[in-house]
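Colleague: pasted the sequence and its predicted model underneath.
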Amino acid sequence: MGNSALHWAAAKGHRRCVKWLLQQGAAVGAVNEAGASPLHTAVEHGQPGCAQLLVVLGGGDVGAQDGYGQTVLSLARSTGVRGEQQLLLWDEARKLQQLDRCVSVALLLLRGISVRWQ
């Protein structure tokens, strides 16, 4: 398979398009012929805003390997230390959002309030 719409939007830096595609259910883990995810593509093309959306909003895996065995983090490292550090921060922010959601649900359940999990 070639590049998905999410790959193209991420490569070109179209943040609003990336966000919309993610909201519509685009697969953040989809890979192209080279085994690269949209997150790989965003990092490779120097699009940090799109990379942030893919990690934080889409749950993109910073440790995912492409068809050549290169992870998103190693790709970021080759473009500069700042890029790698930023990806790690976004990944941690996503994990904290998930944890915060779980803690909030647990507190509501402890108070006897029913919760619909999505």
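Modeller: Noted; the coordinates are in hand. Numbers count the residues shown, from 1 in each chain.

Colleague: count the neighbours of the nearest residue to residue 65 once chain neighbours are set aside for me.
Modeller: Among residues not flanking residue 65 along the chain, residue 71 sits closest, at 5.3 Å (CB to CB, 6 or more residues apart in numbering). Every residue, glycine included, has its C-beta placed from N, CA and C. Residues lying near residue 71 (other CB atoms under 10 Å) number 17.

Colleague: give me the distance between residue 71 and residue 16.
Modeller: According to CB to CB, to the nearest Å, residue 71 stands 27 Å off from residue 16.

Colleague: again with residue 57
Modeller: Distance, residue 57 to residue 16, by CB to CB: 12 Å.

Colleague: who has more neighbours, the two?
Modeller: The neighbour comparison of residue 57 against residue 16 (other CB under 10 Å) goes to residue 57, with 16 against 9.

Colleague: that one contacts residue 21, doesn't it?
Modeller: No. Residue 57 is beyond contact range of residue 21, at 10.3 Å (criterion: CB atoms under 8 Å).

Colleague: show me where this structure has its strands.
Modeller: Applying DSSP state E to the chain gives no strands.

Colleague: distance check, the nearest residue to residue 9 once chain neighbours are set aside against residue 74.
Modeller: Once flanking residues are discounted, residue 9 sits nearest to residue 17: 4.0 Å by CB to CB, 6+ apart. As judged by CB to CB, residue 17 and residue 74 stand 27 Å apart.

Colleague: repeat that for residue 38.
Modeller: For residue 38, the distance to residue 74 equals 17 Å [CB to CB].

Colleague: who's in contact with the spatially closest residue to residue 35 that is not a sequence neighbour?
Modeller: Leaving aside its chain neighbours, residue 35 sits nearest to residue 67 (2.6 Å; criterion: CB to CB, 6+ apart). Neighbouring residues of residue 67 by CB atoms under 8 Å, 6 or more residues apart in numbering: 31, 33-36.

Colleague: kind regards, and thank you for your time.
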